[in-house]
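Peer 1: Can you look at this prediction? I've put the sequence above it.
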Amino acid sequence: MGTLSTILWVPLIGAIVICLLPKQQLKAIQGVALLCAGISLLLSWGLLGSFDASSAAIQFAEKHAWVPELGMTYSLGVDGLSLPVVLLTTLITLVCLIASLGMTERMKAYFAWFMLLEFAVLGVFMAQDWFLFYMFWEITLVPMFFLIGVWGGERRGPASLSFFLYTLGGSVFMLLGIIAAYVNSPGHTFDFAAMLAASGGWSREFQILVFGGFLLGVAVKIPAFPLHGWLPLAHVEAPVPVSMFLSAVLLKMGAYGLMRAGVLLPIGIEWFAPILFVIAMINITYGSLMSWRQTDLKAMVAFSSVSHMGFVLLGVAALTVTGFTGAVMQMVTHGIITAGLFMFVGVIYERAHTRDVTEFGGLSRNMPMYSVFMSLALLASMGLPGLAGFISEFHALVGAFERFGIWVAVASVGVLVTAAYSLRTIGRMFAGTSNPKWEHLTDMNMRELAPAVVLGAFTVAIGIFPGPLLNLMKATLVHSAAAFK
């Protein structure tokens, strides 16, 4: 078994082991989940030592016949596009599991579903076969449906059903696109490389039609306006660790799929680029304005994801190296920042049993560590220079300006509104007069502080030293953008 297969299958083995353990053995269940997630984390980050960042080729490749009669293969590999999100997935999974240690209800099933979710998402990012990609894509629906539907809030039923139906409906169109590409590939294969080689002979109309199918499938996951309706409800009702994973990792599946489909169908994505640009502008402005309106902290962070994923769409629509760099950087930095924001919302909710930002004030006096880390995440979310969010948004804006010119200025509305509600939240929660109602609140404990330090460190490190991450993806993105010169 290769390294990628080990990284991929260890979470599933963990899920199976957890299912075999008695539900009373909570410590053992938690230990198995943390151990398996930790193994995948160490192995994935260990790939950096032997990854050739100067090459755009697929690396650590594994390929075995699966259903040869239909051209299906078990084919795995990573490049400068997929490795960053694989690293993000293993990191955020472990952080989410640590954040889940305080939960007590039906924990055997909870941890088993979470490990299955990690397995499926890693499969999406590692797959080098379109049918394998689609299979993992669909598997993610099941654990997320139960994680929201069983452990969510009062409206968990509609939230989980909305997520399931939106995503399933969109993926049907993506499946049709995959089948159309398969039928028109010599030898009828789902292999990424073989299908890419065949795509040069596809007509303009065919590429536009097939990319439209892919776009409908991935747009739901991103989420792109107007297919974003499931996201705010799912975020608000999901348990905090699930919200962390949903926003930090699951949304990136849509952006990743969009970029892979664009490389396969360059004429198709070029035709859709102006539409993607308009959707990006709507996402950025609409998401930020909706965040400004919220008093519920969790709803505010949920709508901010709509806005920030707009920068991913903006970078992709640019069809340039700079734009693609901004898109992938935003996928990683948004994942780190938003995971922290949702975790900090959970920290205050556990203590105060409210998420209403207007209820707080002066928390910096009795919760200094919480105030520092929450403020850091909010400042990063607004794109403050020196923190992770700035470098990604800057690349996306510059890349889009190269293609669309002054129209990019529309995004400045979203940037300004994001800064406004972020600073307003910091002021309302941590400055001013203390509310005597919250004098009993205690600062973060070690279980909460450990992931906060990790996420905070990445937020600062990427903001000050973005070079290693930029170099990791450069060769692949230069190769991907070459088709659009």
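Peer 2: Looks like it arrived, so ask away.
Peer 1: chain center to the helix or strand of the chain with the lowest mean pLDDT: distance?
Peer 2: When each helix and strand of the chain is scored by mean pLDDT, DSSP states H and E, helix 230-237 comes last, with a mean of 78. On the basis of C-alpha atoms, centre = their mean, to the nearest Å, helix 230-237 sits 15 Å off its chain's mean C-alpha point.
Peer 1: What segments of the stretch 1-150 of the chain are helices?
Peer 2: Taking DSSP state H, counting those that start in this stretch as the criterion, the stretch 1-150 of the chain contains helices spanning 3-20, 26-46, 82-99, 107-126, 130-139, 141-151.
Peer 1: Outside of the helix or strand hosting residue 375 itself, list whatever touches it.
Peer 2: For residue 375, the host element (DSSP states H and E) is helix 368-381. By C-beta atoms under 8 Å, 6 or more residues apart in numbering, the residues outside helix 368-381 that reach it are 304, 308, 333, 337-338, 340-341, 344, 347-348, 363-364, 387-389, 418, 422-423, 425-426, 429-430, 443-444, 449, 452, 455-456, 459-460, 463. Where C-beta positions appear, they are placed from N, C-alpha and C, glycine not excepted.
Peer 1: nearest residue to residue 305 other than its sequence neighbours?
Peer 2: Take residue 305 and drop its neighbours on the chain: the residue closest to it by C-beta to C-beta, 6 or more residues apart in numbering is residue 247, 4.9 Å away.
Peer 1: Tell me how far the one you found lies from residue 308.
Peer 2: Distance of residue 247 to residue 308, computed by C-beta to C-beta, to the nearest Å: 9 Å.
Peer 1: In a markdown table, list the helices of the stretch 1-150 of the chain along with mean pLDDT, distance to residue 179 and mean neighbour count.
Peer 2: Formatted as a markdown table, the helices of the stretch 1-150 of the chain follow (pLDDT from 0 to 100; distance: least, C-beta to C-beta, whole Å; neighbours: other C-beta atoms under 10 Å):
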| stretch | mean pLDDT | distance to residue 179 | mean neighbour count |
| --- | --- | --- | --- |
| helix 3-20 | 94 | 25 | 19 |
| helix 26-46 | 93 | 31 | 18 |
| helix 82-99 | 94 | 23 | 24 |
| helix 107-126 | 94 | 18 | 25 |
| helix 130-139 | 93 | 9 | 21 |
| helix 141-151 | 88 | 19 | 20 |
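Peer 1: Return the residues in contact with the spatially closest residue to residue 14 that is not a sequence neighbour.
Peer 2: Among residues not flanking residue 14 along the chain, residue 36 sits closest, at 3.1 Å (C-beta to C-beta, 6+ apart). Going by C-beta under 8 Å, 6+ apart, residue 36 touches 10-11, 13-14, 17, 115.
Peer 1: for residue 123, same thing?
Peer 2: Residue 123 neighbours (C-beta under 8 Å, 6+ apart): 8, 132-133, 135-136, 139.
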